[in-house]
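S.K.: I would like the atomic coordinates for the input below:
(one chain, ligands or ions: 1)
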Amino acid sequence: MKKIVVMSGKGGVGKSTVAANLAFTLSKKGYRTGLLDCDIHGPSIPKLLGLEDVRGVDSKEGKLKPVEVDGVKVFSMGFMLPSRDTPVVWRGPVKHKFIQEALQNVDWGELDYLVIDLPPGTGDEVISIVQVAKPEGAVIVTTPQSVALEDVRKAVNFSIHVGVPVIGVIENMSGMLCPHCGKPIEVFGAGGGKKLAEEMAVPFAGSIPLDTTIFRSGEDGKPFVRTDSPSAEIFEKIVDELLENMKAIEEELKKIKEKLEKESKEKEKAKGEKEEEKKEEEDEK
Ligand SMILES: Nc1ncnc2c1ncn2[C@@H]1O[C@H](COP(=O)(O)OP(=O)(O)OP(=O)(O)O)[C@@H](O)[C@H]1O
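M.R.: The predicted structure is shown next:
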């Protein structure tokens, strides 16, 4: 099971929308997919998928059972909270324990991909989740404004620090088509995400426009990739890009690992030969 975390430098940029639709696109491509919402303070996945009333967990032999939505197995930290209106007022260690239990005890069965929706930012909870989950790739979601882009720098540096490769930066709410004249309007600007990704030498996966279909789908509890909107097609290409990047990074890491193993074996061999020579010299003496 490959784990992909979806993160953002700041809140409200569309991270959960991307996480949910990434999971449904992977499932559409034939992969067995799970979606884990790790945002304790503001779990949005239940709302985006019409699961707000799911409460409590159907546990099987001490395992937490995910809810299946159109072939995608979904589990939200929100399912474990007493009610959707209850704020979480736990201190760090309690939250860490809760996160650890949820991450280790969900009964996913056989999966190809697990998409993890992280809380916004790079705080304590994000560190806990990444340490426990050990993901293979990170997707960073941003919007074009400079305030959001500044936080992306932090998110990229965080990924580098914790050793999770960035498989793509996605610029969300990147312009919209005027419903009257059809011309593009750059509501929050555009292109900043791509520039920043280039600057920080991480892959850029694509831009998603500000689109009323995306907003409406979220309100109706349905993934927008299940609609016939142009944004669904755009998103499918973004997912292809993410998968290609992930594959390329995996191959690169495999090569590095093989090179290091070869070097270590050669070092061991040389060391053995040296010791042998030394022993022979001593014997001769
Ligand atoms: N491209 C878009 N076009 C229109 N609406 C969008 C788009 N992307 C996201 N939205 C809407 O913006 C709102 C916030 O999205 P979402 O919950 O995915 O953000 P988030 O970054 O996960 O937020 P949080 O920080 O609270 O977890 C939702 O109502 C969603 O439907």
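
S.K.: so Val5 touches Val164, yeah?
M.R.: Yes - at 6.8 Å, Val5 counts as touching Val164 under the criterion of C-beta atoms under 8 Å. In short, each C-beta sits where N, CA and C put it, glycine included.

S.K.: who's more crowded, these two?
M.R.: Val5 (26 against 20; other C-beta atoms under 10 Å).

S.K.: after the helix or strand where Thr25 lies, which helix or strand is next?
M.R.: Using DSSP states H and E, Thr25 sits in helix 15-28. Tracing the chain past helix 15-28, the next element assigned as helix or strand by DSSP H and E is strand 33-37.

S.K.: after that following strand, next one along is what?
M.R.: helix 45-48.

S.K.: right, and the helix or strand after that following helix?
M.R.: Using DSSP H and E, the helix or strand that follows helix 45-48 towards the C-terminus is strand 67-69.

S.K.: from the middle of its chain, how far away would that following strand be?
M.R.: Centroid displacement of strand 67-69 relative to its chain, using C-alpha atoms, centre = their mean, to the nearest Å, is 19 Å.

S.K.: neighbouring contacts of it?
M.R.: Counting contacts by C-beta atoms under 8 Å, 6 or more residues apart in numbering, the residues outside strand 67-69 that touch it are 49, 51, 54, 73-75, 79.

S.K.: so which bits of it are buried?
M.R.: Buried residues in strand 67-69, defined by neighbour count with 16 or more other C-beta atoms under 10 Å: 67, 69.

S.K.: in the stretch 51-200 of the chain, what residue spans correspond to helices?
M.R.: Using DSSP state H, counting those that start in this stretch, the helices of the stretch 51-200 of the chain run over residues 92-105, 124-133, 146-162, 192-199.

S.K.: where does pLDDT dip in this structure?
M.R.: For the chain, the stretches with pLDDT under 70 are 56-60, 83-92, 147-148, 182.

S.K.: show me which residues of it are close to the ligand?
M.R.: 8, 11-17, 39, 42, 44, 120, 172-173, 208, 210-211, 214-215, 218 (C-beta under 6 Å from any ligand atom).

S.K.: just the buried members of those?
M.R.: 8, 13-17, 39, 44, 120, 172-173, 208, 210-211, 214, 218.

S.K.: Lys237: which of those is nearest?
M.R.: Ile208 (10.5 Å; C-beta to C-beta).
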